[in-house]
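Chemist: Below: sequence and its predicted model.
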Amino acid sequence: QVQLVESGGGLVQAGGSLRLTCAASARTFGSYAIGWFRQGRGKDGEFVAAIGWSGDTKNYAASVKGRFTISRDNAKNTVNLQMNSLKPEDTAVYYCAAGLSIATLTRGLNFTDYRGQGTPVTVSS
């Protein structure tokens with residue numbers, strides 16, 4: 001069982017930055033790929049970024065590539081999502097989730113093994 005808790009969401013102006021953190025409780029955290037997803041009001045869940053268990057492999061959605069950076073620290077059981085140059089369309093609840101591989105995570109939240117409760121991000125124009 002892996003429990004995931006997101007933090008770092010909030011209100012920011014367009015062009016600003018936020019850093020989200022996903023903290024995990026399990027010793028097996030280092031065995032999982034971790035992904036970030038988001039769901040805006042009235043929208044379907046969207047894959048944002050994912051990182052492999054070692055941190056060497058990363059994948060980003062086209063909409064965030066070049067603006068968001070995912071990283072992980074297995075010693076601290078954390079995964080961070082640095083979000084720069086934020087846009088109003090980035091407004092959503094952001095979730096982190098664990099899966100066996102990046103390929104699985106990119107298929108969507110329904111294909112993840114564990115997920116957190118989410119942290120809201122609001123970008124004002």
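Modeler: Structure's in. What do you need?
Chemist: Helices along the chain, start to end?
Modeler: 102-105 (DSSP state H).
Chemist: Report the central residue of the protein.
Modeler: residue 36 (2.1 Å; CA atoms, centre = their mean).
Chemist: What count of nearby residues applies to the closest residue to it other than its chain neighbours?
Modeler: Nearest non-adjacent residue to residue 36, counting by CB to CB, 6 or more residues apart in numbering: residue 48, 4.3 Å away. For the C-beta atoms, the positions are set from N, CA and C on the backbone; glycine is no exception. Residues near residue 48, counting by other CB atoms under 10 Å, number 24.
Chemist: Surely residue 48 touches residue 94?
Modeler: Yes - assessed by CB atoms under 8 Å, residue 48 is found in contact with residue 94 at 7.2 Å.
Chemist: where do the strands sit along this structure?
Modeler: 4-7, 10-13, 18-24, 33-39, 46-51, 58-60, 68-73, 78-83, 92-99, 114-115, 119-124 (DSSP state E).
Chemist: Lowest average pLDDT across those?
Modeler: Note on those: lowest mean pLDDT is at strand 114-115, with a mean of 93.
Chemist: From residue 123, how far off is the residue lying closest to residue 32 once chain neighbours are set aside?
Modeler: Nearest residue to residue 32, sequence neighbours excluded (CB to CB, 6+ apart): residue 98, at 4.1 Å. Distance from residue 98 to residue 123, counting by CB to CB, to the nearest Å: 26 Å.
Chemist: Would you mind telling me which of these two has the busier surroundings?
Modeler: residue 98 (26 against 20).
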